[in-house]
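# Sharing a sequence plus its predicted fold:
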Amino acid sequence: MTKTCRECGEDTDEPVAVALEHVASLGGHVVYLCPVCRFALGLLPLDQHPEGSHGFPRYEVSAP
């Protein structure tokens, strides 16, 4: 499935869902990034979010 990266605006065949966009009166939308932008921003893929994150963006934490 081809999606447009929210960060760079390019179409990608490998979209990564990273968050849910919350909208006041409507259902939310999934935010997709291309793999390069996801890595550059350090965002955790949506399917790896901890339970209870409510889809807000989460950043990868590197070990000290």
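Arrived safely.

# Do you know the pLDDT at residue 49?
For residue 49, the pLDDT comes out at 91.

# go on, the one 5 residues further on?
As summarised for this prediction, residue 54 has a pLDDT of 85.

# That one and residue 20 touch, don't they?
Yes: at 7.4 Å, residue 54 counts as touching residue 20 under the criterion of C-beta atoms under 8 Å. In this view, the C-beta of every residue, glycine as well, is placed from N, C-alpha and C.

# Show me which of the two is the more surrounded one.
Neighbours were tallied for residue 54 and for residue 20 using other C-beta atoms under 10 Å; the higher tally belongs to residue 20 (18 against 10).

# Phi and psi next, for the more buried one.
phi -110, psi 130 (degrees, to the nearest 10).

# Just list whatever residues bridge to it.
residue 30 (DSSP bridges).

# Helices along the protein, start to end?
Counting by DSSP state H, the chain has helices at residues 35-41.

# which regions of it sit below the pLDDT cut-off?
62-64 (pLDDT under 70).

# From residue 30, how far off is residue 40?
According to C-beta to C-beta, to the nearest Å, residue 40 stands 19 Å off from residue 30.

# How about residue 58?
14 Å.

# quick one, which of the two is more surrounded?
Legend: neighbour count by other C-beta under 10 Å for residue 58 and residue 30, higher for residue 58 (17 against 14).

# Quick check: that one vs residue 36, distance?
19 Å.

# Nearest residue to the spatially most central residue of the chain in space, please, no chain neighbours.
Ranked by distance to the mean C-alpha position of the chain (C-alpha atoms, centre = their mean), the top residue is residue 18 at 1.5 Å. Leaving aside its chain neighbours, residue 18 sits nearest to residue 43 (4.4 Å; criterion: C-beta to C-beta, 6 or more residues apart in numbering).

# and the one you found, what does it touch?
18-19, 33, 57-60 (C-beta atoms under 8 Å, 6 or more residues apart in numbering).

# does it have beta-bridge partners, and which?
Going by DSSP bridges, residue 43 forms beta bridges with residue 59.
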